[in-house]
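Novice: The amino acid sequence is not available; the structure is as follows:
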């Protein structure tokens, strides 16, 4: 169950990073709405991360959380914000995914 909470927390990390990107692109009240989304996603992500670390090792949990956030945010950048999908970005994204999976398998919980 803690791994599921951690994965969901990582998705909310992607949410708060994406909201920051959208807030940067907008202005006025629309930008404010994106910032509210940022704070909501940030809060949910932190609460879930805290709950997951009650049972999982903090080093592993934090690394997986940031890894999910990083991978997800890069993918949102590529697909939503039209950032370049170069060979090296995809290559290093793949190594990051492999590292996250590796940490899950070597974790003692």
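Specialist: Yep, it's here. Since we're looking at a predicted model, the values are computed, not measured.
Novice: The most far-flung residue of the chain relative to its centre and residue 35, how far apart?
Specialist: The outermost residue of the chain relative to its centre, with distances by CA atoms, centre = their mean, is residue 28 at 26.3 Å. Between residue 28 and residue 35 the distance is 11 Å, computed by CB to CB, to the nearest Å. No exception for glycine: its C-beta is placed from N, CA and C like everyone else's.
Novice: go on, residue 81?
Specialist: From residue 81 to residue 35 the distance is 17 Å (CB to CB).
Novice: Who are the contact partners of the spatially most central residue of the chain?
Specialist: Nearest to the geometric centre of the chain sits residue 69, at 1.7 Å (CA atoms, centre = their mean). Each residue near residue 69 by CB atoms under 8 Å, 6 or more residues apart in numbering is listed here: 10, 13, 14, 17.
Novice: I figured the first one hits residue 64, correct?
Specialist: Yes - in this structure, residue 10 sits in contact with residue 64. The criterion is CB atoms under 8 Å, and the distance is 7.0 Å.
Novice: burial measure for residue 52, as a count.
Specialist: Residues near residue 52, counting by other CB atoms under 10 Å, number 26.
Novice: can you tell me the helix or strand for the residue nearest to it when sequence neighbours are not counted?
Specialist: Closest residue in space to residue 52, ignoring its immediate chain neighbours: residue 6 at 4.0 Å, by CB to CB, 6 or more residues apart in numbering. Here residue 6 sits within helix 2-25, counting by DSSP states H and E.
Novice: Show me what whichever helix or strand comes after that helix is in contact with.
Specialist: As assigned by DSSP H and E, the chain's next helix or strand after helix 2-25 is helix 28-52. By CB under 8 Å, 6+ apart, the residues outside helix 28-52 that reach it are 2-3, 5-6, 8-10, 12-13, 15-16, 19-20, 22-23, 26, 61-62, 65.
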